[in-house]
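Undergrad: the following block contains a protein sequence and its predicted model.
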Amino acid sequence: MIKSITLVLLLIISSNISGQCYDRYQSEIFNNVSVNTVNYSDVYNDNAHKMDIYTADDDTATNRPVIIFHHGGSYYGGSKENPGAVDFCTAFAKKGYVAISSNYRIVALQNIINFLTNNSVQYETVLKATADMKAAIRYVKKNYSNGNSLGVDSASVFIGGISSGGVTAIHTAYIDNISDLPTSPVDVQSIVNSLGGLEGDAGNNGYNSSVKGIINFAGGINDLNWIDSNDEPIFSAQGSNDVIVNYNCGPGLNNPSVLNLCGLAQIHPLCDNLGVINQSLTFNNADHYWVTSGSNPEFIQAVNQTTDFLYPLLSCNQTTNISEHVTEKEKLIRVTNLLGKTISRSFNTPMLYIYDNGKVEKKIIFK
C-alpha cells in the first residue's frame with residue numbers, strides 16, 4: 001500500500017551542474033599529470049601491493065573523486081603499467097579525478113597450468129584480488145582520515161578495471177555476504193574465511209571499503225544471483241563477440257576448465273529489472289581486445305561515456321536543498337516509469353522511486 005507520494009522535481013540544468021562541480025570532471029581541463037607510487041597495504045610490502053596515483057599538476061582541489069582501477073591479464077599477467085590502465089588513469093586525472101592504477105596478487109608463472117585447470121584456485125585468485133582492491137579502497141579512506149594528503153572526497157570512491165580487473169571490481173562490490181557463496185562443488189565460503197573474510201587479508205583494517213560505483217570494461221560476474229536491488233551503480237562496455245569474458249555467459253577465456261562468467265548482455269538487463277542504476281555500451285561485432293589501449297576508438301568512447309555516467313553520481317552534484325538521501329529505514333527497491341515498468345535512472349523523463357516502506361516519489365531529473 002502506498003503510504004505517501006512526494007513530487008520531487010530536481011532542476012539540474014547545465015549551468016547549475018557546472019557551478020556545483022566547478023567546471024570539473026567532464027572534460028580534460030589539465031594538461032600534465034604526475035604519478036606517485038606507494039605501497040597501499042600495511043600487511044604486505046611487495047610489488048603486488050603497489051599502486052600508481054595519478055593527479056593533475058597544479059590541481060589544488062582537496063575534495064576530488066577517486067577511481068581505483070585494476071589492469072587486465074587473466075589473473076596471471078599484466079601490471080599497473082599496462083597501457084589501458086595508464087591511459088584510463090591519465091585521462092581521468094586530466095579531468096580532475098584522483099585516478100589509481102593498482103597492482104594486485106596474480107598467479108605466479110609456474111602455477112598457471114594449475115590455475116587454469118582448478119576451480120578452487122580460480123576462486124582463491126579472484127578473492128585475493130578483491131581483498132587487495134578493498135585494501136586499496138581503505139588506504140584512500142585511511143589517508144582521508146589522517147590529513148587527506150591525497151586531496152580526495154572519501155564519499156566519491158569508484159572502482160573499475162579492464163577484463164580481469166573488471167571482474168574484480170564487480171565481485172568486490174557485489175559479493176555482500178559470505179553466506180551467498182557456494183559450498184559445493186567448491187567450498188568458496190571456506191576460501192573466503194581463510195583469506196580473512198570478505199574484507200580480506202591485505203590490511204588497512206578499521207576503515208570502510210564501500211564504493212560509489214563500478215566501471216567495468218569487458219569484465220563479468222560469476223553468479224548473477226549476487227546482484228541485488230541495493231547494489232552500486234555500474235557502467236559496462238564490452239564487445240558483442242567477446243568470448244574471453246563472455247558477452248552473455250560462458251567459461252572464462254573460452255576454456256571449459258575455467259569458471260563461468262556472465263557479461264554485459266546478462267548483467268545490465270538484470271540491473272534494469274532490479275532498479276540498479278546502470279548504463280551499458282556494446283561494441284557490435286567487436287571482440288575482447290579493444291581494451292588493450294587508450295588509442296583504440298572504442299576505448300576512447302568507453303572513457304567518454306564513463307565520464308558522463310559518473311558525473312551525476314559525484315558528491316558535488318548532490319543537491320543540498322532537495323535531497324535524494326535515503327535513510328537506513330527507507331531503502332530504494334526499484335525505479336519504474338509511470339506505467340510501472342522497472343527502468344534505470346535517466347534524465348528528462350518522469351520516474352517513480354519506490355521504497356521498502358511503501359513510499360513512492362515521483363522524480364524528474366532535467367539535464
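TA: Nice, thanks for sending it over. Numbers count the residues shown, from 1 in each chain.
Undergrad: only C-alpha atoms from now on, for both contacts and neighbour counts.
TA: Will do.
Undergrad: what is the neighbour count of residue 194?
TA: Residue 194 has 12 neighbouring residues, counting by other C-alpha atoms under 10 Å.
Undergrad: check what pLDDT it gets.
TA: In this model, residue 194 is scored at 96, pLDDT.
Undergrad: next one: it from residue 270, what distance?
TA: 31 Å (C-alpha to C-alpha, to the nearest Å).
Undergrad: same question, residue 112
TA: 33 Å.
Undergrad: kindly report the same for residue 123.
TA: 23 Å.
Undergrad: which one of the two has more residues nearby?
TA: residue 123 (20 against 17).
Undergrad: state the phi and psi torsions of the closest residue to that one other than its chain neighbours.
TA: The spatial neighbour of residue 123 that comes closest, neighbours along the chain excluded (C-alpha to C-alpha, 6 or more residues apart in numbering), is residue 188 at 7.0 Å. Geometry field for residue 188 lists phi and psi as phi -70, psi -30, criterion degrees, to the nearest 10.
Undergrad: with residue 54 instead?
TA: phi -100, psi 120.
Undergrad: mind listing what the residue nearest to it when sequence neighbours are not counted touches?
TA: Once flanking residues are discounted, residue 54 sits nearest to residue 35: 4.7 Å by C-alpha to C-alpha, 6+ apart. Shown in contact with residue 35 (C-alpha atoms under 8 Å, 6 or more residues apart in numbering): 52, 53, 54, 55.
Undergrad: of those, which is the nearest to residue 164?
TA: residue 52 (18.4 Å; C-alpha to C-alpha).
Undergrad: so which helix or strand takes in the closest one?
TA: strand 50-56 (DSSP states H and E).
Undergrad: these two touch, right, residue 189 and residue 183?
TA: Yes. Using C-alpha atoms under 8 Å, residue 189 is in contact with residue 183, at 6.1 Å.
Undergrad: who has more neighbours, those two?
TA: Shown here are residue 189 and residue 183; by other C-alpha under 10 Å, residue 189 has more neighbours (18 against 12).
Undergrad: pLDDT score assigned to the more buried one?
TA: Model confidence at residue 189 (pLDDT) stands at 97.
Undergrad: so it, which state does it fall into?
TA: With DSSP: H, G, I helix; E, B strand; the rest coil as the basis, residue 189 sits in helix.
Undergrad: sheet partners, orientation included, of the helix or strand harbouring residue 66?
TA: Using DSSP H and E, the element containing residue 66 is strand 64-70. If you go by DSSP bridges, strand 64-70 pairs up with strand 98-102 (parallel), strand 152-162 (parallel).
Undergrad: the protein: helices as residue ranges?
TA: 14-21, 83-94, 112-117, 119-145, 164-174, 188-194, 264-274, 297-310 (DSSP state H).
Undergrad: just the CA trace of the second one, in PDB.
TA: In PDB, the C-alpha atoms belonging to helix 83-94 read as follows (Å, rounded to 0.1, in the frame of the first residue of the first chain):
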ATOM      1  CA  PRO A  83      48.700   0.700 -21.500                       C
ATOM      2  CA  GLY A  84      45.000   0.500 -21.000                       C
ATOM      3  CA  ALA A  85      45.200   1.200 -17.200                       C
ATOM      4  CA  VAL A  86      47.700   4.000 -17.800                       C
ATOM      5  CA  ASP A  87      45.600   5.600 -20.500                       C
ATOM      6  CA  PHE A  88      42.500   5.400 -18.400                       C
ATOM      7  CA  CYS A  89      44.000   6.900 -15.300                       C
ATOM      8  CA  THR A  90      45.800   9.600 -17.300                       C
ATOM      9  CA  ALA A  91      42.500  10.600 -18.900                       C
ATOM     10  CA  PHE A  92      40.600  10.900 -15.600                       C
ATOM     11  CA  ALA A  93      43.400  12.700 -13.800                       C
ATOM     12  CA  LYS A  94      43.300  15.300 -16.600                       C
END
